[in-house]
Each structure stands twice: as structure tokens, then as C-alpha cells.
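Asks: Below: sequence and its predicted model.
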Amino acid sequence: MHALTAATFLASALSGVGASPVSKNTRRDVLVALPGGAHEIDLKFQPWMDFDTDSCYNTAAIDPDGDTNPGLDHPVFKNPEDDCRESSRLKNANVYSRSRCNHGWCAVMYEYYFEKDQVVWGSLAGGHTHDWENVIVFAKGDEVKKVAPSCHGGYGGSTDSPRLGGDTHPKVVYHKDGGSTHCMRMANEGDDDVENYTEDWVTSPLVGWGWWPTTDNGRAYRDLVYGKWPNDATAAPKFWDADDMYTNTLRKAAGDCCEDFDPSYDDSE
């Protein structure tokens, strides 16, 4: 079994990145990750990730200057992993989380940002700039009861018997789903031969719901992310309150799991 590697991030912003809009990223133009910080519950159940070789790495959706990621085009004559699988992407990655706990249960949503999602080289069909995928972990006490990886808007790959690392961390793989685009799936035994450049399972610095930095006028950076990827965007994180997106997504992912868990409120609220 491979040891866990935490993806690191650069300590200072790239030169020339300011308040003005950022052009489409090149191979060397990468946003710097935010500092990590999250609730203990979120950290305890954060998935261990790998990325199949035909897939992008997740990376930062927003940098310390408040610039959101412009993403990458998906030209016909490039492979799905082209321009988005450099080690610099993963070294500058964040994962974004939000948890909801009640009646002894906790559900934690982990959101991952990718700069593009492309079906195949040489095809005009399928693909888009920006992709968001999530993994939702349902736990009771210290025990993981269900893991729901997102795939094309659904959670059909959910399981109540996930493979775990370190007792509480589900092993998950971002992969190309056959002839379709990319999504999350649960890892199998063969996936312990990891395919990312670190040769280990990866966690990236986690930014919890209450740990987002704020602008000079007190606006949370997550509001800037919402401005770029609102709840009704084609690709967007699912932890927004608008239209009860977060609540409804937790309910959908839970299915018939987690008796007594109420996805609509948190004990701390």
C-alpha cells in the first residue's frame, strides 16, 4: 500500500496576476492554491485521490488574489489530459468542503475543480471548459457508512463498503467514464498502483466552508467562486444554498442510507 502524499502548493502568487481578468491558462500559467484550513470532521474523512492517466489533475479554482480560474479550452486535436496533467496543477490544488451534522451523523461534501473535461482526441462531440466533481462521505461517529462519488450528475457508484486508507479516508479515482466524459469512481484493489506523478495517494489542502479568506471589504472568497460558478451553471460545485442545492444533493446522495440523518439542517445552526 502506498503512503499518503499531501500535495503542496507555492507560497506566493505568480508575478503579473492581479485584479484584471486572467486569460486562458497555458502549460506554465497556473493559479496558486489558497492556504488550507477546515473543520476536524472534514479533515478526518477527506478522500485519498488518484487520477487515471487519461484525466486532468484537480487544481485551484481561485487564487490568493481572488482571481478565479479561466479554465482550458478543449481543442479537437488534443488529448483529454493535455495541458491539465502537469505536476504544477496538482501542486497548486485545493479541495473545497462543507459538512452537515445531526442525530449523530455527519455528511461531508468534497468539491474538486478541473480546468476542462474532454471526451476524446479528434472529436467535436462532448467536452467543456471547467468541471466540478464531488465526493460525499456519510459517517456516524468515526465510522464511514457510505461514500457517494459524483458521476454525470448522479451517485450511482455509491457504496457502503468503500476501500479506506488510514481507517477513515475513502480511496477515490477521477477517471474517464468509457466513451463519456470524466467523473469520480470508487477505487478498487488494482488502483493501489496509483497513476499520478507522486506515485502515492493524494490529498490537497482543504478549504472548509468557514475557512475561506475574505476580501478587503469582508466578502468571502467563496462568494467570488459563486459569482463564477453559480448553482445554475453547467459545471458548478454543489454546496451552494441557492435553490436548496446543497440540501437536495445530500438527500440524493444519501438515498436510503443514514436513518435519522436530516440533510436540511446542521446541529450547530
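Replies: Looks like it arrived, so ask away.
Asks: Regarding this structure, what is its longest helix?
Replies: Determined from DSSP state H, the single longest helix within the chain is helix 245-254.
Asks: Determine the set of other helices and strands touching that helix.
Replies: Judged by 3 or more C-beta pairs under 8 Å, 6 or more residues apart in numbering; DSSP states H and E, the packing partners of helix 245-254 are strand 95-102, strand 105-118, strand 127-140, strand 143-149. C-beta: built from backbone N, CA, C; applies to glycine.
Asks: what about residue 256, neighbour count?
Replies: 6 (other C-beta atoms under 10 Å).
Asks: and it, that's in a strand?
Replies: No: in this structure, residue 256 is coil, not part of a strand, as judged by DSSP: H, G, I helix; E, B strand; the rest coil.
Asks: I'd like to know how far it sits from residue 94.
Replies: Per C-beta to C-beta, to the nearest Å, residue 256 is found 32 Å from residue 94.
Asks: The helices and strands packed on helix 245-254 into TSV, with extra columns for mean neighbour count?
Replies: Output for the helices and strands packed on helix 245-254, formatted as TSV (neighbours: other C-beta atoms under 10 Å):
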stretch	mean neighbour count
strand 95-102	24
strand 105-118	26
strand 127-140	22
strand 143-149	22
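Asks: looking at the ones you listed, which is closest to residue 165?
Replies: Closest of the helices and strands packed on helix 245-254 to residue 165 is strand 143-149, at 11.0 Å (criterion: C-beta to C-beta).
Asks: could you give the angle of that closest one to strand 105-118?
Replies: On the basis of axes from the mean of the first three to the mean of the last three C-alpha atoms, to 10 degrees, strand 143-149 is oriented at 30 degrees to strand 105-118.
Asks: how about the strands in this protein?
Replies: Along the chain, the stretches classed as strands by DSSP state E are 4-6, 48-51, 95-102, 105-118, 127-140, 143-149, 164-165, 169-176, 182-186, 201-203, 206-207.
Asks: any chance of these in CSV, plus distance to residue 231 and mean pLDDT?
Replies: Converted to CSV, the strands of the chain look like this (distance: least, C-beta to C-beta, whole Å; pLDDT from 0 to 100):
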stretch, distance to residue 231, mean pLDDT
strand 4-6, 30, 49
strand 48-51, 25, 98
strand 95-102, 13, 98
strand 105-118, 13, 93
strand 127-140, 11, 91
strand 143-149, 19, 98
strand 164-165, 31, 98
strand 169-176, 22, 94
strand 182-186, 19, 90
strand 201-203, 26, 98
strand 206-207, 19, 99
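Asks: and of those, who's closest to residue 240?
Replies: Ranking the strands of the chain by their distance to residue 240 (criterion: C-beta to C-beta) puts strand 95-102 first, at 9.4 Å.
Asks: Pairing partners for that closest one, with directions?
Replies: Using DSSP bridges, strand 95-102 pairs in its sheet with strand 105-118 (antiparallel), strand 206-207 (parallel).
Asks: Name the residues that touch it?
Replies: Contacts to strand 95-102, defined as C-beta atoms under 8 Å, 6 or more residues apart in numbering, come from residues 38-39, 41-42, 46, 58, 61, 106-113, 203-209, 222, 225, 237, 239, 246, 250, 261-263, 265-268.
Asks: With just CA atoms, put it into CSV.
Replies: C-alpha atoms of strand 95-102 as CSV (Å, rounded to 0.1, in the frame of the first residue of the first chain):
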residue,chain,number,x,y,z
VAL,A,95,-10.3,20.7,-2.3
TYR,A,96,-13.3,22.6,-1.0
SER,A,97,-15.6,21.1,1.7
ARG,A,98,-18.8,21.6,3.6
SER,A,99,-20.2,19.4,6.3
ARG,A,100,-23.6,19.0,7.9
CYS,A,101,-24.1,17.0,11.1
ASN,A,102,-27.2,16.0,13.1
